[in-house]
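Q: Build me a model from this:
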Amino acid sequence: MTKVSSQELGSQPISKLLIKQAVPASIGILVMSLNILVDTIFVGQWIGSTAIAAINVVLPVSFFIAALGMSIGIGGSSIISRALGADNKDKALKTFGNQLTLTLLVTVTFVIFGLWFVDGIIPAFGGKDTIFEPAKIYYKIVLYGVPFLALCMMGNTVIRAEGKPKFAMYAMMIPSVGNLLLDYVFINLLELGMEGAAWATTGSYLLCFGFILWFFLSKNSELKINISHFGLNKPIVSEISSLGFVTLARQAVVSVTYLFMNNILFNLGGETSVTAYAIVGRMLMFALFPVYGITQGFLPIAGFNYGAKKYHRVKETIFTAIKYAAGLATLVFILLMVFPEAITKLFTTDLAVIKETPNDMRWVFAATPIIAIQLIGAAYFQAIGKAVPALLLTLTRQGFIFIPLILILPKFFGELGVWMSFPISDVLATIITAYFLNLELKRNLVTTN
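A: Model (predicted):
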């Protein structure tokens, strides 16, 4: 494999560079999403629809702890991209060392906390009645592997910051394929039920960690740190925290959203509605993989060129990323509007769930063609190190608009009000993001060097 230098982020044509960065990211996200999708199908077919709801209850907790690693990764990777663009290798190395230390300290602490309060956390996130026991089984086993997942998510963003998207893709593919194989062994062959599903997931995290560790110890990585880089540096920790808080806040809001959605839907429609949401949630992760891939590919390019003060390339990257992402989002929209029934039947044979889910899915994805603006807009501010606008734009859709809507609209429209909240939030958040992104372009990206 040809050795790729991070300096290419500032020299290659933007369209070619974005494709080179986004395609591996999209493939990695696709495989990871397929893993979640097929994992849900396996669980639904081999264990039952209640198991799908149980996993959906656990996901926001485990994903939030793992997102601590991702937030530290994205916050630090923004610094690393700009440091490499400014030819400041020492800062890049120190940042990476601090990322490792922070990830271990924070995630292990949260895992201990999560295990100690397990009996209170699961019901709070909708794990009630028949959902509670399978959710508890899955939760306790998966949480043991979450620190490894957090290290993987952190390391993956650093690999992208180095300009090595193919290795980042491999890091996402290995645990996904591994999880499916382990699912088959533990659930189908050994008939371990929820325990098997949980151990398959935890085993996949360990496989990913092994690959990430190999990458940074091998000659493929430019970031060769030593023991001195692990000592926490206050300015670097502060910058990682402020930028990483954007990602953490996003995942925190996602977890709160799951909490509200699972409880509201359980009260309005029982286990059937919670299961429908679980299926739609999987499609939200899976169907938009090319759009998220463009966003991931966009981050290191924008950060590197901003650090190198090549503002004309930053503007070109923004417009190209939005154009590509919008086109792909439109294709996703068409597919989901046409085939929601067939998609639902992949997950379950429960007739009540099959009847309810397609209409819910159409509502959730109704505004998909326009979401590229909000995703790229929020990512831009994070890439260039502007934590406050990145945070506010990231929280706009789910925190400031969506959560209030799901608390208000069901009072007037019942369960339909919950699903209507999705497209309304997308439209309003896109308008707000477009306004602030346009303001930024006019005020701060005016240099033509």
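
Q: how close does residue 325 get to residue 386?
A: Applying CB to CB, to the nearest Å, the value for residue 325 to residue 386 is 21 Å. Where you see a C-beta, it was placed from the backbone N, CA and C, and this is true even at glycine.

Q: typo on my end, residue 238
A: Taken as CB to CB, the span from residue 238 to residue 386 is 15 Å.

Q: Neighbour count: these two, which is higher?
A: Legend: neighbour count by other CB atoms under 10 Å for residue 238 and residue 386, higher for residue 386 (18 against 10).

Q: Over to that one: give its phi and psi.
A: phi -100, psi 90 (degrees, to the nearest 10).

Q: looking at it, residue 203 is touching residue 181, isn't it?
A: No: counting by CB atoms under 8 Å, residue 181 is not a contact partner of residue 203; they are 9.2 Å apart.

Q: quick one: which of these two has more around it?
A: The residue with more neighbours, out of residue 203 and residue 181, is residue 203; 19 against 13, by other CB under 10 Å.

Q: gap between that one and residue 297?
A: Distance from residue 203 to residue 297, by CB to CB: 29 Å.

Q: just residue 39 next, same as before
A: 25 Å.

Q: Show me what secondary structure element comes after the host helix or strand of residue 194.
A: Using DSSP states H and E, residue 194 maps to helix 193-217. As assigned by DSSP H and E, the chain's next helix or strand after helix 193-217 is helix 234-287.

Q: quick one, the helix or strand following that following helix and helix 234-287 angle?
A: For helix 234-287, the following helix or strand on the C-terminal side (DSSP H and E) is helix 289-307. Using axes from the mean of the first three to the mean of the last three CA atoms, to 10 degrees, the inter-axis angle of helix 289-307 relative to helix 234-287 is 150 degrees.

Q: which helices and strands sit right next to helix 289-307?
A: helix 14-46, helix 49-85, helix 132-161, helix 311-338, helix 371-383 (3 or more CB pairs under 8 Å, 6 or more residues apart in numbering; DSSP states H and E).

Q: so what's residue 372 up against?
A: 291, 294, 321-322, 325-326, 329 (CB atoms under 8 Å, 6 or more residues apart in numbering).

Q: change it to 7 Å
A: Counting by CB atoms under 7 Å, 6 or more residues apart in numbering, residue 372 makes contact with 291, 322, 325-326, 329.

Q: for residue 342, same thing?
A: Counting by CB under 7 Å, 6+ apart, residue 342 has no contacts.

Q: Now do it, the pLDDT please.
A: Note on residue 342: pLDDT of 88.

Q: in the host helix or strand of it, what's buried?
A: Assigned by DSSP H and E, residue 342 belongs to helix 340-347. Buried residues in helix 340-347, counting neighbours by 16 or more other CB atoms under 10 Å, are found at 340, 343-344, 347.

Q: can you give me how far it is from the chain middle?
A: 23 Å (CA atoms, centre = their mean, to the nearest Å).

Q: do the same with stretch 254-270
A: 20 Å.

Q: Please report the distance of the residue nearest to residue 17 when sequence neighbours are not counted from residue 243.
A: Excluding the flanking residues, the one nearest residue 17 by CB to CB, 6 or more residues apart in numbering is residue 301, at 5.8 Å. The gap separating residue 301 from residue 243 is 17 Å, by CB to CB.

Q: Compare those two (neighbour count), which wins?
A: For residue 301 and residue 243, the more surrounded residue by other CB under 10 Å is residue 301, and the numbers stand at 30 against 26.

Q: Residue 21 is in contact with the more buried one, correct?
A: Yes: contact criterion CB atoms under 7 Å: residue 301 and residue 21 qualify, at 6.2 Å.

Q: For residue 323, give its distance to residue 317.
A: Distance from residue 323 to residue 317, by CB to CB: 11 Å.

Q: The two: who's more crowded?
A: residue 317 (29 against 15).

Q: sorry, back to before: neighbour count winner among residue 39 and residue 297?
A: residue 297 (27 against 23).

Q: Wait, that one touches residue 22, no?
A: Yes: the criterion here is CB under 7 Å, and residue 297 meets it with residue 22 at 3.2 Å.

Q: Now do the SS call for residue 87.
A: coil (DSSP: H, G, I helix; E, B strand; the rest coil).

Q: Renumber starting at 35 from here on
A: Sure, I'll start numbering at 35, so the last one becomes residue 121.

Q: which residues does residue 452 contact?
A: 298-299, 440, 444.

Q: I figured residue 236 was touching residue 179, is that so?
A: Yes: the pair residue 236 / residue 179 is scored as a contact, 3.3 Å apart, by CB under 7 Å.

Q: Compare the two (neighbour count), which wins?
A: Ranked by neighbour count (other CB under 10 Å), residue 236 and residue 179 place residue 179 first, with 23 against 19.

Q: thought residue 359 was touching residue 408?
A: No: shown here, residue 359 and residue 408 do not form a contact pair, counting by CB under 7 Å, at 10.3 Å.

Q: measure residue 414 to residue 349 for me?
A: In terms of CB to CB, residue 414 sits 10 Å off from residue 349.

Q: meant to ask about residue 430
A: Applying CB to CB to residue 430 and residue 349 gives a distance of 23 Å.

Q: Which of those two has more residues huddled nearby?
A: Legend: neighbour count by other CB under 10 Å for residue 430 and residue 349, higher for residue 430 (22 against 18).

Q: what's the nearest residue to the more buried one if we skip its chain neighbours?
A: residue 463 (4.8 Å).

Q: That neighbour contacts residue 436, correct?
A: No: under the criterion of CB under 7 Å, residue 463 is not in contact with residue 436, lying 8.3 Å apart.

Q: Quick check on these two: which one has the bigger neighbour count.
A: residue 463 (27 against 22).

Q: what about that one, which helix or strand?
A: helix 449-478.

Q: Next, the buried residues of that helix.
A: 449, 451-464, 466-467, 470-471, 474-475.

Q: what do you get for stretch 206-217?
A: Result for stretch 206-217 [16+ other CB under 10 Å]: buried residues 206-210, 212-214, 216-217.

Q: Thank you kindly, that will do.
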